[in-house]
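1. Pasting the sequence and the predicted coordinates here, then a few questions.
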Protein chains: 2
Amino acid sequence: MNIHDVAKKSGLSVVTVSRVINNSPSVREANRQKVLKAMEELNYQPNSAAQSLVRGRTGVIGMSITNFNDSFYDRVIRVVNRKLAEQGYFLALSIAENEGEGDNFLFQKDRVDGIILLSPIEEEQYVAELKRKRIPFVLLDNQFSHDDVSSVLVDNYQGGYDATKHLIELGHTRIAYIGGPSVFLSVAERRRGYIQALADAGLSSFAIEYSGFTVSSGYEIARKWIRDDTLPTAIFAGDDFIALGVVQALREEGIMVPHDISVVGFDDQQFVAEFFPRLTTVRQPEAQLGSIGVDLLLKHINGEMAEPTVTKLAPQLLVRESTAYVKRT
Amino acid sequence: MNIHDVAKKSGLSVVTVSRVINNSPSVREANRQKVLKAMEELNYQPNSAAQSLVRGRTGVIGMSITNFNDSFYDRVIRVVNRKLAEQGYFLALSIAENEGEGDNFLFQKDRVDGIILLSPIEEEQYVAELKRKRIPFVLLDNQFSHDDVSSVLVDNYQGGYDATKHLIELGHTRIAYIGGPSVFLSVAERRRGYIQALADAGLSSFAIEYSGFTVSSGYEIARKWIRDDTLPTAIFAGDDFIALGVVQALREEGIMVPHDISVVGFDDQQFVAEFFPRLTTVRQPEAQLGSIGVDLLLKHINGEMAEPTVTKLAPQLLVRESTAYVKRT
DNA sequence: TTGAAAGCGCTAACAA
DNA sequence: TTGTTAGCGCTTTCAA
């Protein structure tokens, strides 16, 4: 079942059939109809391997993800998928487990026209591999800076600054930061924003802790503070899950958020948004992230890109119900 | 940069190069080394479009997913990915948004060798399309039964039965069920198991509610029960998120789980597992689901499958801390 | 507006 | 063990 069968059935040549497939204008309308009819009757679909081979492009963009249980990623994926579809591309996702190089089948020039790396784990290694293979790619939410690579990331410093400033404006002076694993650049950047906002207000850090990006680790840290009687009046958690754990621990002790203690999270996780009090958090602009990433990648692919670009996006503070003016003492 | 370049550089023919690429034994070791060296130096990778074209297969299996924010899916994806890799296949994921037919680029015979549909939304439509295109496929966690289609699903009836029986064995007689959206077969099946377990014990249903698969809807339902003073002593929630919402609502009123009320969930969501009390839940056997699904699909692809098979997997009740003996009154 | 011919990069007979 | 030849299914000159 190939283009020749269609040609035979429609009484025209394969070239004409190909023209119809590719919407070439130079086909007599009557003939176009004949071809369309034959294609329909034969239930014909062009072979995409053959098309890719001769065209030298696949129309597929690959995206490598590490985790399918996170609403930040979910949102980015959806935007990228939609945006690519608008441009006539398809999105193929692959999960990057901690394997060695080369296990990612997308990393072949002829399988995809380009690649998007979302929050890559083994970033350096991936970047090196893609450079060597000369596959166009962009980085989204990456950890390191590279020469000659376009990337889009969120200004985590700004996010940390805004979150902390918000707490300061509410009159808090005893403000603590709980970050995720300290290896992440984003964690360090948010911390830097936190410190700077404090400094700008003539304050200093009350406490800094690092934990996993999980509810339970936030819970544990809050419990420790309670045990040691070293609670701050406001907490900037570098992740919504951590923040939620903190709120839970406090509530168990009858400490009310935001009445007694204010808490700010990060990421606006869909799941966390369902809890009370609704968490004040910093939302990463997933739509922009995905959209700009796609634009950059397609420009690279089309050679419209002279220099690689690094775009830093401003996050958005969403003030909800978990923050309030500091309690008068 | 193609096989001819490698042939030229190594002083051998393209056929020999091809043999090296495909690990054919009939190549003199010295020549194999020459070819390998040339490939290395030229940084050569075979063109997969050309390979697919001539071989008539791609080595890629497609998987269609609806949601990337759920640990059940995450676990299934990981197992499938690993299992396929063992068999020399690659996994390409695509997100199914509620689009019309044909928008899913994976649904082309020459793009993939087979397809796995995980919890498909527009199931009937997808099945019809894949049948028409004669693409081998299997269904995982599907809603409907089809002729001539292999599928693997979890015995939701059994899960509902086991969960309810567990509560009965703890002495509960006033047991309520909260299901997800009633359109889902899984929701109806769990309900059926719940009803049957009650019947087998000479009991009848205390209350049945339907909600979304969300924390907030579980929360709302529990609040309603509290307001109306119609609380059961045990609740079987057809979803961990719902169960978590219930627990939160109860706790806010000082009603302790499991001391006052027992709660069972479903799915063993990773995120929910971090809360206290650790939820008694029904775990779907993701590893089996993925593994058997892959086996079935590969058999279909290799024509080793006479008849389509429907496999029903037993879920596993995980008794943790949210269930206890009914309070003496 | 149409079609004949060449070729994309590879593998699978078949011969040597 | 190696190489020659003929395609896989499609698109793209080029000429008519």
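-> Received, thanks.
2. Let me know the secondary structure of the residue of the stretch 151-300 of chain A found nearest DNA strand D.
-> Closest approach between the stretch 151-300 of chain A and DNA strand D, counting by CB to the nearest atom of the strand: A:Leu298, at 18.4 Å. C-beta: built from backbone N, CA, C; applies to glycine. Following DSSP: H, G, I helix; E, B strand; the rest coil, we place A:Leu298 in the helix state.
3. just A:Phe266 next, same as before
-> Recorded secondary structure, A:Phe266: coil (three-state DSSP).
4. what do you get for A:Glu209?
-> Quick answer, by three-state DSSP: A:Glu209 is strand.
5. doesn't A:Glu220 make contact with it?
-> No: assessed by CB atoms under 8 Å, A:Glu209 is found out of contact with A:Glu220, at 9.6 Å.
6. Touching stretch A:118-131 from outside, list them.
-> A:63-66, A:73, A:76-77, A:96, A:98, A:101-102, A:104, A:107, A:115, A:117, A:137, A:139-144, A:146, A:148-149 (CB atoms under 8 Å, 6 or more residues apart in numbering or on different chains).
7. out of these, which are buried?
-> A:63-66, A:73, A:76-77, A:96, A:104, A:107, A:115, A:117, A:137, A:139-143, A:146, A:149 (16 or more other CB atoms under 10 Å in any protein chain shown).
8. Just those residues: which are in strands?
-> Among the buried ones among the contacts of stretch A:118-131, DSSP state E puts A:63-65, A:115, A:117, A:137, A:139-140 in strands.
9. Spatially, which two of those residues are the most separated?
-> Between any two of these, the greatest separation by CB to CB is 14.1 Å, found for A:Ile65 and A:Phe137.
10. Any stretches of chain A with poor pLDDT?
-> For chain A, applying pLDDT under 70 flags the ranges A:98-103, A:329.
11. any chance you could map the strands in it?
-> So, for chain A - with DSSP E - the strands run A:60-65, A:90-95, A:114-118, A:137-140, A:150-154, A:175-179, A:207-210, A:234-237, A:262-264, A:281-283, A:310-313, A:316-318.
12. can you tell me if the second one touches chain B.
-> Yes: shown here: strand A:90-95 in contact with chain B (CB under 8 Å from any CB of the partner chain) through A:90-95.
13. Go through those and give me the one with the most neighbours.
-> Highest neighbour count within those, by other CB atoms under 10 Å in any protein chain shown: A:Ala92, with 27 neighbours.
14. Tell me the residues of the stretch 1-150 of chain A that contact chain B?
-> Counting by CB under 8 Å from any CB, the residues of the stretch 1-150 of chain A that sit close to chain B are A:43, A:45, A:47-50, A:52-53, A:58-60, A:65, A:67-71, A:73-74, A:77-78, A:81-82, A:85, A:90-95, A:97, A:103, A:105-106, A:108-111, A:132-133.
15. Keep the residues you listed, but drop any that are not near DNA strand D.
-> Filtering these for proximity to DNA strand D by CB under 7 Å from any atom of the strand leaves A:47, A:50, A:53.
16. Could you check how many residues crowd around the spatially closest residue to the last one that is not a sequence neighbour?
-> By that I understand A:Leu53. With CB to CB, 6 or more residues apart in numbering or on different chains as the criterion, A:Leu53 has its nearest non-adjacent residue at 4.3 Å, and that residue is B:Ala49. B:Ala49 has 24 neighbours, counted by other CB under 10 Å.
17. tell me which parts of chain A are close to DNA strand C?
-> Contact residues, chain A versus DNA strand C (CB under 7 Å from any atom of the strand): A:12-16, A:19, A:25-28, A:31, A:50, A:53-54, A:56.
18. Going through these, which ones are buried?
-> A:12, A:16, A:19, A:27, A:31, A:50, A:53.
19. Return the member of the residues you listed nearest to A:Ile242.
-> A:Leu53 (49.7 Å).
20. what about the helices in the stretch 1-150 of chain A?
-> A:3-10, A:14-21, A:29-42, A:48-55, A:71-86, A:123-133 (DSSP state H, counting those that start in this stretch).
21. out of those, deepest packed?
-> helix A:71-86 (a mean of 20; mean count of other CB atoms under 10 Å in any protein chain shown).
22. on contacts alone, who are the packing partners of it?
-> Judged by 3 or more CB pairs under 8 Å, 6 or more residues apart in numbering or on different chains; DSSP states H and E, helix A:71-86 is in contact with strand A:60-65, strand A:90-95, strand A:114-118, helix A:286-301, strand B:90-95.
23. Who are the contact partners of A:Pro308?
-> A:Pro308 neighbours (CB under 8 Å, 6+ apart): A:147-151.
24. what's A:Met63 in contact with, if anything?
-> Residues in contact with A:Met63, defined by CB under 8 Å, 6+ apart, are A:77, A:80, A:91-94, A:106, A:115-118.
25. which one of those residues is nearest A:Gly180?
-> Lowest distance from A:Gly180 to these (CB to CB) belongs to A:Leu118, with 16.9 Å.
26. So what sits opposite that closest one in the bridge?
-> Counting by DSSP bridges, A:Leu118 is bridged to A:Leu140.
27. Smallest gap between the stretch 51-200 of chain A and DNA strand D, at which residue?
-> For the stretch 51-200 of chain A, CB to the nearest atom of the strand, closest residue to DNA strand D: A:Val54, 4.0 Å.
28. Number of residues surrounding A:Thr230?
-> For A:Thr230, the neighbour count with other CB under 10 Å is 12.
29. next one: A:Ile255
-> Neighbours around A:Ile255, by other CB under 10 Å: 15.
30. Please apply the same query to A:Gln158.
-> 19.
31. got it, and A:Asn22?
-> A:Asn22: 11 neighbours (other CB under 10 Å).
32. for it, what are its contacts?
-> By CB under 8 Å, 6+ apart, A:Asn22 lies in contact with nothing.
33. quick one: it from A:Leu298, how far?
-> According to CB to CB, to the nearest Å, A:Asn22 and A:Leu298 sit 20 Å apart.
34. Apart from its chain neighbours, what residue comes closest to A:Ser204?
-> Computed as CB to CB, 6+ apart, the closest residue to A:Ser204 that is not its neighbour in sequence is A:Leu198, at 5.9 Å.
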